[in-house]
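S.K.: Let me see the structure of the following:
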Amino acid sequence: MRIYSQSFLCGRETDPKLVRLELSEVNRGAMVQTFSSEETTNAFFIRMLAAQTLRAESTGSLLAKKPEMDFLLRLAGTSQISEAISKVGSRQGEPFVLVLASIRPLKGRSVARGRRLPAQPLSESELRRVEQGALLSAHRA
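M.R.: Okay, here's the model as predicted:
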């Protein structure tokens, strides 16, 4: 399964809800999510978690009803939605990361205020978090 993803670092002046809505309109069917920039700025790490989510969606085994929440659960390393939101959720007035991911090519980049994140090799910590995200699915089965 091929995954298309883009990740952007957005400043505190950008409203995460508005950006999510705008890009969801342009990229119907894509996963569009925001999270705290304190979690990561590694596009490769984000892509790995997004791939887990999109694979789970294609097999009907999401951790939540929507892929956006599944992604946050994997990022936070928990199966509790409220915990994921409080731990990694974006907040108005704070820098955040925007991620778009799909099995179809993404359309246009309308995040003019965001800086595209670079993809870097996974650190040991990120690798453990990717594994933890995968284990969430295994524990659910």
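
S.K.: all contacts plus neighbour counts: C-alpha atoms, from now on.
M.R.: Fine.

S.K.: Do I have it right that Leu117 meets Asn42?
M.R.: Yes - counting by C-alpha atoms under 8 Å, Leu117 touches Asn42, with 6.5 Å between them.

S.K.: neighbours around Glu131, how many?
M.R.: A total of 15 residues lie near Glu131 under the criterion other C-alpha atoms under 10 Å.

S.K.: For it, pull up the helix or strand it's in.
M.R.: Glu131 is part of helix 124-140 when elements are defined by DSSP states H and E.

S.K.: And that helix, how far out from the chain middle?
M.R.: Taking C-alpha atoms, centre = their mean, to the nearest Å, one finds helix 124-140 lying 14 Å from the centre of the chain it belongs to.

S.K.: Spell out the secondary structure type for Ala64.
M.R.: Three-state assignment for Ala64 (DSSP: H, G, I helix; E, B strand; the rest coil): coil.
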